[in-house]
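1. Sequence plus predicted model, see below.
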Amino acid sequence: MPKISECDRCSFFSRTHFIVCAVHPSGPDHDRCHDFETAELWEPEDPAAYTEQNMEDWLWHPLFTGKCPECRHPFSRYKLPPLHWHCHMCGWDEEDYE
């Protein structure tokens with residue numbers, strides 16, 4: 001199926017071999033997609049501020065481990081990471097640690 005370079009970073013991208021996306025199942029008709037919505041992950045404003053030590057402080061986060069830091073319940077690997085992390089099993093909430 002035809003897809004363009006933006007497809008992998010789009011919110012509508014299906015990540016399956018059967019359809020390209022929910023809006024254009026067989027891929028976009030042109031070399032640009034007017035329905036593109038970015039699904040890019042957060043990027044720091046100042047990457048130099050994130051030293052190796054600072055990153056070690058974040059290795060407990062579910063973004064890196066894929067699991068709740070409290071009950072170790074796994075988060076889905078097939079969905080985009082949420083903007084706000086919350087465990088429905090134990091009630092852990094990332095806002096409690098900020």
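-> It's in.

2. rest of the way, CA atoms for contacts and neighbours
-> Will do.

3. if you average pLDDT over stretch 90-98, what comes out?
-> When the per-residue pLDDT values of stretch 90-98 are averaged, the result is 84.

4. in this structure, what secondary structure element scores lowest on mean pLDDT?
-> helix 52-56 (a mean of 69; mean pLDDT, DSSP states H and E).

5. Give the next helix or strand downstream of that one.
-> The helix or strand immediately downstream of helix 52-56 is helix 62-65, counting by DSSP states H and E.

6. Show me the shaky parts of the protein.
-> Residues of the chain meeting the criterion pLDDT under 70: 1, 39-44, 47, 49-50, 52-53, 97-98.

7. how does it divide up, domain by domain?
-> Under automatic domain parsing, the residue ranges defining each domain of the chain are 1-39, 58-98.

8. gap between H84 and D57?
-> According to C-alpha to C-alpha, to the nearest Å, H84 stands 18 Å off from D57.

9. whoops, I mixed them up, H24
-> H24 sits 41 Å away from D57, going by C-alpha to C-alpha.

10. In terms of packing, which of these two has more residues around it?
-> Set side by side, H24 and D57 give different neighbour counts by other C-alpha atoms under 10 Å, the larger being at H24 (15 against 9).
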